[in-house]
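Visitor: Prediction below, plus the sequence it came from.
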Amino acid sequence: MRRIGRRGSKLYYRPFPTNHERGPPASARATVERLAADLEGRCRPWALNTSIGSTLNVDVELKNILGEILSLGDRANRFTDQTQLLGSLPELDSMAVVSVITTIEERFGVVVGDDEISAETFATFGALREFVEQKVDA
């Protein structure tokens with residue numbers, strides 16, 4: 001038992017930590033950290049520099065963002081460039097637009113100015129995708 005504190009005349013003890021409280025051994029911890037670092041580059045599709053890869057990954061990541069924020073589930077995966085967004089999706093209100101813009105800034109590492117956003121940007125999925133691609137390429 002290990003003494004963990006004293007309150008007045010009472011001593012408080014706790015049993016020594018078991019293996020699961022200590023965590024994995026150092027070698028396993030190092031392996032997990034190495035694998036996490038290796039996957040970090042693969043899990044960031046927007047980090048690719050090729051134009052075709054960027055276009056594909058912007059498309060997929062943008063669908064993921066819309067699906068998460070608007071709680072669309074699989075519906076977001078069926079979006080095409082002609083899919084109407086603003087005015088057609090009741091989930092896409094003014095607060096959702098702000099959340100989408102904030103998430104785009106975080107995930108793609110871009111800054112979107114207030115004067116860059118208009119209704120045309122969110123008119124269709126294709127318009128939004130093109131806007132994000134321009135921001136990423138800039």
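Guide: Thanks, I have it.

Visitor: got the residue ranges for the strands in this protein?
Guide: 2-7, 10-14 (DSSP state E).

Visitor: pLDDT of the longest one, averaged?
Guide: Read that as strand 2-7. Averaged across strand 2-7, the pLDDT comes to 58.

Visitor: One more: stretch 109-124?
Guide: The predicted model gives stretch 109-124 an average pLDDT of 90.

Visitor: Show me the contact partners of that stretch.
Guide: Contacting residues not belonging to stretch 109-124 are listed as 46, 81-86, 92, 97, 100-101, 104-105, 127-128, 131-132, 135-136, 138 [CB atoms under 8 Å, 6 or more residues apart in numbering]. Every residue, glycine included, has its C-beta placed from N, CA and C.

Visitor: Same check on stretch 128-135?
Guide: The contact list for stretch 128-135 (CB under 8 Å, 6+ apart) reads 54-55, 58-59, 62, 81, 85, 104, 108, 110, 112, 116, 121-122.

Visitor: Please apply the same query to stretch 85-104.
Guide: In contact with stretch 85-104 (CB under 8 Å, 6+ apart) are residues 62, 65-66, 68-72, 110, 112, 117, 119, 122-125, 128, 132, 135.

Visitor: Mind checking which of those residues land in helices?
Guide: The members of the contacts of stretch 85-104 that map onto helices under DSSP state H are 62, 65-66, 68-69, 125, 128, 132, 135.
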